[in-house]
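Asks: Let me see the structure of the following:
(4 chains)
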Protein chains: 2
Amino acid sequence: MEPLLLDRLLQIGELFEKDMSRAFEGTSLSTARVHLLWVLQDAGPSTQQTLARLCGVSPRNITGLVDALEASGHVRRTPHPTDRRAVLVELTEMSTTYMAQMRREHSDLDTELLDAVAPADREAVQRGVAAIANRLGELVADARGGTS
Amino acid sequence: MEPLLLDRLLQIGELFEKDMSRAFEGTSLSTARVHLLWVLQDAGPSTQQTLARLCGVSPRNITGLVDALEASGHVRRTPHPTDRRAVLVELTEMSTTYMAQMRREHSDLDTELLDAVAPADREAVQRGVAAIANRLGELVADARGGTS
DNA sequence: TATTGTTATACTCTATAACTATA
DNA sequence: TATAGTTATAGAGTATAACAATA
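Replies: You can find the predicted model right below:
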């Protein structure tokens, strides 16, 4: 019996996690920390409150992640120019380079995965996966809305 | 600019995680614990060593998960019939019922997601996603093999 | 001597609540 | 009074290493 589409998608999620954990082991990085770097690369220098919102975690958690990333030289805390309560977190030069490399690898992986799909199926897969992501997003939002 | 296929797949993984966390909040369950229940449902009564292998975590970790699931009445430890060092972990009746229900919901979700895909694209999506899962599995295995 | 499970210890990610400094 | 960030505390998931009982 064939595995369900859902099982394939769950399997893909697990493989991504495994791949990332493996890639970061032996370094000071982790998926949570790299996620923060990724957000910083998109958003530019940000307050920790902003990062908490963008990452979907508590402000306290951001303190810990930034502490670790600052200790390893990946980010820098600088004073906020107008609000003396706040700090701006920004990527260091090292991290900027590192994240550019990561974006390249990300793009390469996308190409590699698309290459695994039969050429005649590629457009359908892109449409279909986008449709699945949207539907799933609606379901999760509905469940959340219905509960609260 | 359109999101990459890879980004859609990562997004789907995050949505699954969010959905499961939400489903289990307020209960004694978690994704790690339910994963163990799922494995037990497939494998039947098993030693903790076996569960550690099947879940891909350390034996010590299984001790903790089984402790929690035993306390909440989801699993039972019984003596191994021939090896007095080992225990067999098995689902309770409550858990068996619960997991059957979960399997039904799993199947319903599969149907729902497939329904989100245009009928003409469905076969291509099933083939394509399977191909992507396989390719990704190879890549992760290669990386692991190349490292060790 | 090898294996099963547990105790001991530690680290990361996560959360809430109380507190300090500022707005 | 409200906001930004930190300290304090807690819990889950994960790991390795040392140890007991048994094979």
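
Asks: Quick check: phi and psi at A:Arg85.
Replies: Dihedral angles of A:Arg85 (phi, psi; degrees, to the nearest 10) stand at phi -80, psi -30.

Asks: Sorry, wrong one. I was asking about A:Asp83.
Replies: The phi/psi pair for A:Asp83 (degrees, to the nearest 10) is phi -120, psi 110.

Asks: Against chain B, how distant is it?
Replies: Relative to chain B, A:Asp83 is positioned 31 Å away (Cβ to the nearest Cβ, to the nearest Å). Backbone N, C-alpha and C define where each C-beta goes, glycine included.

Asks: same thing with A:His35?
Replies: For A:His35, the distance to chain B - Cβ to the nearest Cβ - is 10 Å.

Asks: these two touch, right, that residue and A:Val57?
Replies: No: here A:His35 lies out of contact with A:Val57, judged by Cβ atoms under 8 Å, at a distance of 9.3 Å.

Asks: Give me the common contacts of the two.
Replies: Common neighbours of A:His35 and A:Val57, counting by Cβ atoms under 8 Å, 6 or more residues apart in numbering or on different chains, are absent.

Asks: Point out where chain A drops to low pLDDT.
Replies: For chain A, the stretches with pLDDT under 70 are A:146-148.

Asks: For the most centrally placed residue in it, which non-adjacent residue is closest in space?
Replies: Nearest to the mean C-alpha position of chain A, by Cα atoms, centre = their mean, lies A:His35 at 4.1 Å. Of all residues not flanking A:His35 in the chain, A:Cys55 sits nearest, at 6.4 Å (Cβ to Cβ, 6 or more residues apart in numbering or on different chains).

Asks: ditto for A:Leu114
Replies: Nearest non-adjacent residue to A:Leu114, counting by Cβ to Cβ, 6+ apart: B:Leu5, 5.8 Å away.

Asks: Show me which positions of the longest helix along chain A end up buried.
Replies: Using DSSP state H to define each element, chain A has its longest helix at helix A:122-147. Across helix A:122-147, burial judged by 16 or more other Cβ atoms under 10 Å in any protein chain shown covers A:124-133, A:135-136, A:139-140.

Asks: now, among these, which is nearest to DNA strand C?
Replies: Nearest to DNA strand C, judged by Cβ to the nearest atom of the strand, of the buried residues of helix A:122-147 is A:Val140 at 15.7 Å.

Asks: roughly how far out does stretch A:64-82 sit from the chain middle?
Replies: 18 Å (Cα atoms, centre = their mean, to the nearest Å).

Asks: Equivalent analysis for stretch A:101-111, please.
Replies: 13 Å.

Asks: Any residue of it touching chain B?
Replies: Yes: Stretch A:101-111 is in contact with chain B by Cβ under 8 Å from any Cβ of the partner chain, via A:His106, A:Ser107, A:Leu109, A:Asp110.

Asks: what's the burial count for the closest residue to the first one other than its chain neighbours?
Replies: The spatially closest residue to A:His106, leaving aside those adjacent along the chain, is B:Leu6, at 6.6 Å (Cβ to Cβ, 6+ apart). For B:Leu6, the number of neighbouring residues by other Cβ atoms under 10 Å in any protein chain shown comes to 21.

Asks: who's in contact with B:Leu6?
Replies: Counting by Cβ under 8 Å, 6+ apart, B:Leu6 has contacts A:His106, A:Leu109, A:Asp110, A:Leu113.

Asks: at 10 Å what do you get?
Replies: B:Leu6 makes contacts with A:16, A:106-114, A:129, B:132, B:136, as judged by Cβ atoms under 10 Å, 6 or more residues apart in numbering or on different chains.

Asks: ranges for the helices of chain A?
Replies: Secondary structure of chain A (DSSP H): helices at A:5-24, A:31-43, A:48-55, A:59-71, A:93-115, A:122-147.

Asks: Would you mind giving those helices as JSON lines with distance to B:Thr92 added?
Replies: Output for the helices of chain A, formatted as JSON lines (distance: least, Cβ to Cβ, whole Å):
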{"stretch": "helix A:5-24", "distance to B:Thr92": "25"}
{"stretch": "helix A:31-43", "distance to B:Thr92": "34"}
{"stretch": "helix A:48-55", "distance to B:Thr92": "38"}
{"stretch": "helix A:59-71", "distance to B:Thr92": "35"}
{"stretch": "helix A:93-115", "distance to B:Thr92": "41"}
{"stretch": "helix A:122-147", "distance to B:Thr92": "27"}
